[in-house]
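**Q** Attaching a predicted model along with its sequence, questions to come.
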Amino acid sequence: MTVRRAGKAWLLTGGAFGLCAGFLALLLVGTYAAAAGLLGGAGSAAVGTVSLAKGAVPAMYQGLVQKWGNLCPAINPALLAAQLYQESGWNPRAVSPADARGIAQFIPGTWASHGVDGDGDGDRDIWDPKDAIPSAASYDCALAGYVKKVPGDPASNMLAAYNAGAYAVIKYGGVPPYRETQNYVRIIRSLEKSFARPQGRVAPSQQAAGAIHFAQGKLGTPYLWGGTGTAAQGGRFDCSGLTQAAYLSVGVELPRVANDQYNAGPHPRRDELLPGDLVFFSDDLTNSRAIRHVGIYVGGGYMIDAPRTGAVIRFTRIDTPDYFGATRVTKDGAAALPTRPPGTWA
């Protein structure tokens, strides 16, 4: 992953690392002090319609997801987006080993009974997102209707019915005690938070300080495309390799590439950034799948990043025209991300 930024050579010469540490300390103190008012409201949320986080859904699908994600009370746009991402990674041509097809991964038999003509063009095309996304929402709502009298959270019961069948949800009076089903519900509900625009202040990260400490220790290390810091690579990193290793050092396992790391937690606004947030850059500010660079925010408008071939890990400013947004990494959010890259079915 590469990005255009001027280096800070004065930070990387001679005895500059002591200066780096002091600079970082000032940034951390200043940013946390400025954020004191934010932390008092962390975790609170306003009641209202769920909106999608900036760029979380590719622009070509955002209107469909926002519209059809409000089809019934059991779903919302962020929940529908989380399902679609988990199923296909927004790939309308995805095919699974079980012959699940398209962006919503319908089995042909299920499509025959639940597919709808979402765009009103006279056909029901499993490969067309304008039909498949409305069909996914419609099917979710149908399942929610089947289990509407079951105690518990309607959305979780609906997801459990999607995975295990409505009968199992009714039989057990909620999410059944099947590991696969419980994991499915947990994953989608966790991913839902990364697709929703926060309605209140985002709680601070518990692992931020350790991740920054790791990245600070790599300042001055030469960049390596594809680098993950192995001994064979001379301890070198590319941008997402550095952020992955930084959070792994505090027990949080992130995906390998930057555009998947974007879904590892909720998305604070620019004026709510705190040290440890991941900050992302793209030439397409409407689509998180186009993200091409990531760094670790350290406060005061600066990040630590691994920029490009021929450069070294450094401090640099985040406020550039290609700034996309930020993610406050959570352990649950990272754990919910697919172990295989979404949409990579053969």
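**A** Received, thanks. Residues are numbered from 1 along each chain as shown.
**Q** tell me the secondary structure for Asp131?
**A** helix (DSSP: H, G, I helix; E, B strand; the rest coil).
**Q** The one 4 residues further on too?
**A** What three-state DSSP gives for Ser135 is helix.
**Q** pretty sure Thr327 contacts Leu273?
**A** No: using CB atoms under 8 Å, Thr327 makes no contact with Leu273, being 10.5 Å away. To be clear about C-beta, it is placed using only N, CA and C from the backbone, and glycine gets the same treatment.
**Q** name the helices or strands packed onto the longest strand along the chain?
**A** For the chain, the strand reaching the highest residue count under DSSP state E is reported as strand 293-299. Secondary-structure packing of strand 293-299 (3 or more CB pairs under 8 Å, 6 or more residues apart in numbering; DSSP states H and E): helix 16-34, helix 208-216, helix 239-248, helix 258-261, strand 278-281, strand 302-305.
**Q** My read is that Gly301 contacts Asp319, right?
**A** Yes: look at Gly301 against Asp319 with CB under 8 Å: they come within range, at 5.8 Å.
**Q** Tell me which of those two has more neighbours.
**A** Gly301 (14 against 9; other CB atoms under 10 Å).
**Q** Distance check, the more buried one against Pro275.
**A** Distance of Gly301 to Pro275, computed by CB to CB, to the nearest Å: 12 Å.
**Q** Enumerate every residue touching the nearest residue to Phe280 once chain neighbours are set aside.
**A** Spatial nearest neighbour of Phe280, excluding adjacent residues (CB to CB, 6 or more residues apart in numbering): Phe324 at 4.3 Å. Phe324 makes contact with Lys54, Gly55, Tyr262, Phe280, Phe281, Ser282, Leu285, Ser288, Ile291 under the criterion CB atoms under 8 Å, 6 or more residues apart in numbering.
**Q** average pLDDT for the longest strand of the chain?
**A** For strand 293-299, the mean pLDDT works out to 97.
**Q** Report the distance from that strand to the chain centre.
**A** Put simply, strand 293-299 sits 15 Å off its chain's centre (CA atoms, centre = their mean, to the nearest Å).
**Q** quick revisit: now, the most widely separated pair of the contacts of Phe324?
**A** The most widely separated members of those, counting by CB to CB, are Lys54 and Phe281 (13.4 Å).
**Q** more neighbours, the two?
**A** More crowded of Lys54 and Phe281, by other CB under 10 Å: Phe281, with 26 against 15.
**Q** Tell me how far the more buried one lies from Met303.
**A** To Met303, Phe281 is 10 Å away according to CB to CB.
**Q** cool, Pro73 as well?
**A** Per CB to CB, Pro73 is found 40 Å from Met303.
**Q** Between those two, which is the more surrounded one?
**A** Each of Pro73 and Met303 has its neighbours counted (other CB under 10 Å); Met303 has more, 28 against 11.
**Q** contacting residues for the more buried one?
**A** For Met303, the contact set (CB under 8 Å, 6+ apart) comprises Val279, Gly295, Ile296, Tyr297, Phe315, Thr316, Arg317, Ile318.
**Q** Select from these the one having the most neighbours.
**A** The residue in these with the most neighbours, by other CB under 10 Å, is Gly295 (31 neighbours).
**Q** surely that one meets Gly276?
**A** No: counting by CB under 8 Å, Gly295 does not reach Gly276; the two are 11.4 Å apart.
**Q** nearest residue to Gln233 other than its sequence neighbours?
**A** Leaving aside its sequence neighbours, Gln233 sits nearest to Gly227 (CB to CB, 6+ apart; 5.0 Å).
**Q** Distance of the one you found relative to Ile103?
**A** From Gly227 across to Ile103, the span is 33 Å (CB to CB).
**Q** which of those two has more neighbours?
**A** The neighbour comparison of Gly227 against Ile103 (other CB under 10 Å) goes to Ile103, with 27 against 21.
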